[in-house]
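Visitor: Any chance you could fold what I've pasted below:
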Amino acid sequence: MDTDLLRADIVARTGIDEAMIERLVHGFYAKVRKDVLLGPVFESRVEDWNVHLVRMCRFWSSVALLSGAYSGNPMAKHVRLPVDAAHFDRWLTLFEATAAELCPPSAAVHFVERARRIAQSLELGIAVTAGKLPARGQRFYRDGAPASAQGEYHDNASQ
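Guide: Here you go, the predicted structure:
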């Protein structure tokens, strides 16, 4: 199917537009910056928040609307970060809450489905870079899995 037709279908089903993406990205990163777990990771890496937010709006435009606005390598930017499953769980929790607050339900579902796939992919890439290859469904924890994790990929929707 043609990308323009796919994009038109997404917009018709979800109502997502660039303004919604900007609200979501800015709202989400406002939470991230205040978060005890994620805030320090981002603050130590992001030199210019305005540039970062513009980049993230382009990224989410490409992810959510197939706009092609982003050209970069997210994996390369993330594989050396000192993060693991706990960080991705928190990232998803904040992202899902922001999407639910700022977007219509169909748009929130669209964003969250993609965010979950992105989190899984980045977590796996980070694990492999750290010399680990988690078994299917296993999570990557730098210091060993917490007892509550039970090795399964965390699905925030079931909470």
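
Visitor: What helices and strands are in contact with the helix or strand that contains V11?
Guide: Following DSSP states H and E, one finds V11 within helix 3-14. Here helix 3-14 touches helix 49-65, helix 105-129, going by 3 or more Cβ pairs under 8 Å, 6 or more residues apart in numbering; DSSP states H and E. For every residue, glycine as well, the C-beta is placed using N, CA and C.

Visitor: what angle do the longest one and helix 3-14 make?
Guide: The one in question is helix 105-129. Comparing the axes of helix 105-129 and helix 3-14 via axes from the mean of the first three to the mean of the last three Cα atoms, to 10 degrees yields an angle of 120 degrees.

Visitor: show me the contacts for F88.
Guide: F88 makes contacts with 119-120, 122-123, 154, as judged by Cβ atoms under 8 Å, 6 or more residues apart in numbering.

Visitor: about what we covered before: out of the helices and strands packed on helix 3-14, flag the one nearest D4.
Guide: helix 49-65 (10.7 Å; Cβ to Cβ).
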